[in-house]
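Student: fold the following, please.
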Amino acid sequence: MKHNRRAVLKGAGIIALASTSSSNYSLAHTTTNFDKIPRIQLTNLPTACNKMSNMTKALGGPDLYIKRDDVMELAHGGNKTRKLEYSLAAALNKGARAVVTQGGLQSNHVRQTISGAAKVGIEAHVILSNPVPEMKEKLMGSGNYLMDQLMGAHIYIAGSEGRSPMVKKVLSELTLEGKKPYNIPAGASNGIGSMGYVNAGRELIAQWERMGISPSHILTATGSCGTAAGLLMGLRYFGNSSTKVVSVSVSSPAPQLRKRIRGLLNDASNILGVPKNFVKTEDIHVNDDFYGKAYGYPTDAGISALRMTAETEGIILDPVYTSKAMSGLIDLIKNNQLENAKDVVFLHTGGAPAIHPYAEYFKV
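Tutor: Numbers count the residues shown, from 1 in each chain. Below is the predicted model:
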């Protein structure tokens with residue numbers, strides 16, 4: 001069975017590499033060791049990193065760039081695709097015939113997990129909750145939720161007790177059925193999922209070198225924190241010690257997210273075989289000035305940033321993640337809050353399908 005599964009994956013161009021472990025970190029062996037971590041190819045990399053000339057002009061500098069991780073191959077793409085290259089590899093290596101994950105009704109992570117599971121030929125069971133009760137009908141009528149249904153996911157709606165009890169129940173039932181379910185946390189934000197953005201750190205270093213730029217900052221939306229932690233680790237692990245990763249919260253106060261990022265960095269350190277203090281705590285930068293009421297609720301500044309990005313660059317952000325992060329970038333630049341800003345990069349983590357249920361926020 002395992003032999004047949006591996007043959008099918010190879011035939012599809014999806015190859016899981018052999019795993020390894022190392023307790024001795026050596027920069028000379030960084031690439032070799034990292035590339036032995038199990039991974040499957042779910043998209044073509046690298047994604048583009050382009051200058052936003054019109055946005056740069058509109059804001060009066062510094063030069064602004066955008067990393068297009070919204071353009072990938074799992075059902076309209078997004079940052080979770082990189083994480084799933086490692087999470088789904090782990091699932092397949094454990095013989096899983098099903099994956100279980102969770103998120104909000106319009107979760108970008110859930111949509112990409114379902115797509116990835118379909119691509120590698122295993123079941124996707126997803127537990128969803130509603131972060132904006134007053135929008136239930138809209139959130140279940142289009143966007144990511146509609147795509148989840150089209151891709152054949154097994155969907156469970158959590159009640160007032162939250163998602164965790166239902167996750168445990170589904171895992172238990174699938175285990176009894178012999179499907180060896182693999183649990184992927186919300187956002188694929190754990191140590192193994194963060195490897196996707198360790199890889200992105202290496203990718204960006206090479207791109208920036210080819211482009212002849214030296215970014216002082218890269219900004220990203222953060223909620224479950226796996227992208228922020230992986231990106232920070234990746235830049236440092238592959239030799240960039242200068243670019244600051246600024247995580248713009250979309251849901252929670254900064255102290256909570258800094259703690260979460262620290263924990264994920266520790267988990268990533270274990271996988272990579274580097275000391276837990278390899279990335280210093282003072283290197284973790286989180287801004288919580290822009291997330292508004294709560295997760296799932298757009299902000300006026302975010303909607304304005306979404307419109308500005310669409311009108312100046314023809315790039316579509318989403319209403320509750322990247323739009324909040326872009327509003328942060330715009331505000332920080334206008335108020336000269338990015339120290340020695342140069343070649344500032346915005347990481348577009350995707351989410352455009354979610355604009356549809358939030359259409360009322362864009363009516364003129």
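
Student: other SSEs contacting the one helix or strand residue 206 maps to?
Tutor: Using DSSP states H and E, residue 206 sits in helix 191-211. Here helix 191-211 touches helix 30-34, strand 49-51, helix 80-93, helix 226-237, helix 254-272, going by 3 or more CB pairs under 8 Å, 6 or more residues apart in numbering; DSSP states H and E. Where C-beta positions appear, they are placed from N, C-alpha and C, glycine not excepted.

Student: rerun at 6 Å
Tutor: helix 80-93, helix 226-237, helix 254-272 (3 or more CB pairs under 6 Å, 6 or more residues apart in numbering; DSSP states H and E).

Student: out of the ones you listed, which comes closest to residue 341?
Tutor: helix 226-237 (17.0 Å; CB to CB).

Student: show me the contact partners of that closest one.
Tutor: Outside helix 226-237, the residues within contact range by CB atoms under 6 Å, 6 or more residues apart in numbering are 79, 187, 189, 193-194, 197-198, 200-202, 220, 222, 243, 245, 247, 261, 264-265, 268, 279.

Student: would you list every one of the helices in the chain?
Tutor: 2-11, 30-34, 53-59, 80-93, 108-120, 136-139, 143-150, 163-176, 191-211, 226-237, 254-272, 300-313, 322-334 (DSSP state H).

Student: let me see the domain layout of this protein.
Tutor: Per the record, the chain has its domains at 29-78+190-362, 80-188, by automatic domain parsing.

Student: make JSON lines out of those domains and add mean pLDDT and mean neighbour count.
Tutor: Output for the domains of the chain, formatted as JSON lines (pLDDT from 0 to 100; neighbours: other CB atoms under 10 Å):
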{"stretch": "domain 29-78+190-362", "mean pLDDT": "96", "mean neighbour count": "20"}
{"stretch": "domain 80-188", "mean pLDDT": "97", "mean neighbour count": "20"}
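
Student: list the contacts of residue 104.
Tutor: Listed by CB under 6 Å, 6+ apart, the contact partners of residue 104 are 131, 296.

Student: pairing partners for it in the sheet, please.
Tutor: residue 129 (DSSP bridges).

Student: distance of it from residue 163?
Tutor: Separation of residue 104 from residue 163 (CB to CB, to the nearest Å) stands at 9 Å.

Student: before we move on, what about residue 282?
Tutor: Taking CB to CB, one finds residue 282 at 34 Å from residue 163.

Student: and if you look at residue 101?
Tutor: 10 Å.

Student: so residue 139 sits right up against residue 105, yeah?
Tutor: Yes. When contacts are counted by CB atoms under 6 Å, residue 139 is listed as touching residue 105 (4.2 Å).

Student: re earlier: next, format the helices of the chain as TSV and append distance to residue 361.
Tutor: Below are the helices of the chain laid out as TSV (distance: least, CB to CB, whole Å):
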stretch	distance to residue 361
helix 2-11	42
helix 30-34	41
helix 53-59	21
helix 80-93	24
helix 108-120	17
helix 136-139	11
helix 143-150	13
helix 163-176	26
helix 191-211	29
helix 226-237	24
helix 254-272	25
helix 300-313	5
helix 322-334	10
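
Student: which one, of those, ends up nearest to residue 291?
Tutor: helix 322-334 (5.8 Å).

Student: quick one: the closest one to helix 300-313, angle?
Tutor: 80 degrees (axes from the mean of the first three to the mean of the last three CA atoms, to 10 degrees).

Student: between helix 322-334 and helix 108-120, how many degrees?
Tutor: Using the same axes, to 10 degrees: helix 322-334 against helix 108-120 is 130 degrees.

Student: verify the contact between residue 223 and residue 248 for me.
Tutor: No. Using CB under 6 Å, residue 223 is not in contact with residue 248; the gap is 10.1 Å.

Student: quick one: residue 49 and residue 68 touch, right?
Tutor: No. Assessed by CB under 6 Å, residue 49 is found out of contact with residue 68, at 7.2 Å.
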